[in-house]
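Asker: fold the following.
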Amino acid sequence: MSAINPDIDRILENFYYEIYRYNFLLTGHGVSAKEVTFQTFLYMGDEKRYFFKITRRIEIFNL
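Answerer: This next block holds a predicted model:
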């Protein structure tokens, strides 16, 4: 069973709009960008080790 990332709330709060804007540039469609962003955060919530650098950045810079 996968470990849940306990920092997903802080990641979501700090990076949602950046990731959404990036996905909007890639897709060119608002609904598609929201879906890709949602899928991204589903993956981030499930994989603690993959996003360790992001959570570490939040801890260091108190974002």
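Asker: can we go C-alpha only for contacts and neighbour counts from here?
Answerer: Noted.
Asker: where do the helices of the chain begin and end?
Answerer: 8-27, 30-46, 52-61 (DSSP state H).
Asker: could I get these in TSV, plus columns for mean neighbour count and mean pLDDT?
Answerer: Rendered in TSV, the data for the helices of the chain read as follows (neighbours: other CA atoms under 10 Å; pLDDT from 0 to 100):
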stretch	mean neighbour count	mean pLDDT
helix 8-27	15	83
helix 30-46	16	82
helix 52-61	12	54
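Asker: which residue packs closest to Leu26, ignoring adjacent ones?
Answerer: Ala33 (7.9 Å; CA to CA, 6 or more residues apart in numbering).
Asker: isn't the one you found right up against Asn23?
Answerer: Yes. Using CA atoms under 8 Å, Ala33 is in contact with Asn23, at 4.9 Å.
Asker: what sits in contact with each of these two?
Answerer: Both Ala33 and Asn23 lack any common contact, where contact means CA atoms under 8 Å, 6 or more residues apart in numbering.
Asker: re the thing from before, in contact with the residue nearest to Leu26, which residues?
Answerer: Here Ala33 is in contact with Tyr20, Arg21, Asn23, Phe24, Leu26, Thr27 (criterion: CA under 8 Å, 6+ apart).
Asker: that one and Leu42: what is the separation?
Answerer: 14 Å (CA to CA, to the nearest Å).
Asker: equivalent analysis for Asn14, please.
Answerer: Taking CA to CA, one finds Asn14 at 15 Å from Leu42.
Asker: likewise for Thr27?
Answerer: Shown here: Thr27 relative to Leu42, a distance of 19 Å by CA to CA.
Asker: repeat for Asn23
Answerer: 15 Å.
Asker: same question, Val36
Answerer: Look at Val36 and Leu42: by CA to CA, they are 10 Å apart.
Asker: got it, and Tyr17?
Answerer: Distance, Tyr17 to Leu42, using CA to CA: 15 Å.
Asker: with that, I have no additional questions.
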